[in-house]
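> What follows is a predicted structure for the sequence shown.
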Amino acid sequence: MSDKNNKLMRTDYQAIFKEAYHLMDEAIIAGNCGECCGYHCCRRNDADGKRLGMYLLPLEYEYMQSEVVADYELHSHLQYDMPPKIKKYYYIYCHLAEGCLRDHRPIQCRTYPFEPHIENGEFSIVIEKEQIHGCVLIERMPEWRQAFIDGVYNGWLELMKIPVIKYNIEYFSKERIATNNIMKQYFKWR
């Protein structure tokens, strides 16, 4: 691939990520949701002192996080269970004791507890039954802002323009379907 084509692709993906970050910049509830749970999923260490982190989406480090994230590990498909066509994931560590660099939070932080889902060619966002962090706001769904739900949905639609991200979504959707791990599902027009 020529440098010109590579630069064009970078620009296109950069624009997609920027738009998704913008769309997904809505708060789930009025106020700071981290105050509801003591920053359960936004902290540097768990109760046992183990470092906490999270995975970035494919290409998210390269297009949005490389200037912000300094503390990360590369996880290879040879060592970890991940989609076969994805060779690596960036696993980043939070660098604040609690809270986050709000303007720079990654996609997964912007959209939690929603996950993107594709089933029978139809896109939705879902909340899984089995969650790593067990968001306390699940019990407060009536308080969720519609702007947050719409932003998450539309942001994922934007990100699906990037083929490797759509592949990533399809892979984890199949896994979710196979394990019957869907608690709630949101479709745009239903």
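Arrived safely.
> now the residue nearest to the spatial centre of the chain: how far from Glu122?
The chain has Gln108 as the residue nearest its centroid, 2.0 Å off, counting by Cα atoms, centre = their mean. Using Cβ to Cβ, to the nearest Å, Gln108 is found at 22 Å from Glu122. The C-beta positions use only the backbone N, C-alpha and C, and glycine is treated the same way.
> circling back: element containing the residue nearest to the centre of the chain?
In this assignment (DSSP states H and E), Gln108 forms part of helix 107-111.
> Quick check: beta-bridge partners of Glu73?
For Glu73, the beta-bridge partners under DSSP bridges are Tyr91.
> got the residue ranges for the strands in the chain?
53-55, 72-76, 88-93, 114-119, 122-127, 184-186 (DSSP state E).
> could you point out where this structure is predicted with low confidence?
1-11, 39-47, 95-103, 132-134, 189-190 (pLDDT under 70).
> show me the residues around the nearest residue to Cys135 once chain neighbours are set aside that make contact.
Nearest residue to Cys135 in three dimensions, chain neighbours excluded: Pro113, at 4.2 Å (Cβ to Cβ, 6 or more residues apart in numbering). Taking Cβ atoms under 8 Å, 6 or more residues apart in numbering, we find Pro113 in contact with Ile127, Glu128, Gln131, His133, Cys135, Leu137, Ile138.
> so how far is Tyr80 from Pro113?
Taken as Cβ to Cβ, the span from Pro113 to Tyr80 is 23 Å.
> coming back round to it: need the winner for burial among the strands of the chain.
The highest mean neighbour count among the strands of the chain, using mean count of other Cβ atoms under 10 Å, belongs to strand 114-119: a mean of 21.
> Identify the residues contacting it?
For strand 114-119, the surrounding residues in contact (Cβ under 8 Å, 6+ apart) are 123-128, 149, 152, 156, 159-160, 166, 169-170, 172-173, 176-177, 182, 185-186.
> same thing but 7 Å
Contact with strand 114-119 is made by 124-128, 152, 156, 169-170, 173, 176-177, 185, as judged by Cβ atoms under 7 Å, 6 or more residues apart in numbering.
> Between strand 122-127 and that strand, find me the angle.
150 degrees (axes from the mean of the first three to the mean of the last three Cα atoms, to 10 degrees).
> what pairs with strand 114-119, and is each one parallel or antiparallel?
strand 122-127 (antiparallel).
> As CSV, could you dump the C-alpha coordinates of the strand it pairs with?
Taking Å, rounded to 0.1, in the frame of the first residue of the first chain, the C-alpha atoms of strand 122-127 are listed here in CSV:
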residue,chain,number,x,y,z
GLU,A,122,-29.6,-6.8,12.4
PHE,A,123,-27.7,-4.4,14.7
SER,A,124,-28.7,-3.7,18.3
ILE,A,125,-27.0,-2.8,21.6
VAL,A,126,-27.3,-5.2,24.5
ILE,A,127,-26.7,-5.5,28.2
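> Name the nearest of the contacts of strand 114-119 relative to Ala27.
Ranked by distance to Ala27 (Cβ to Cβ), those are led by Val152 at 11.5 Å.
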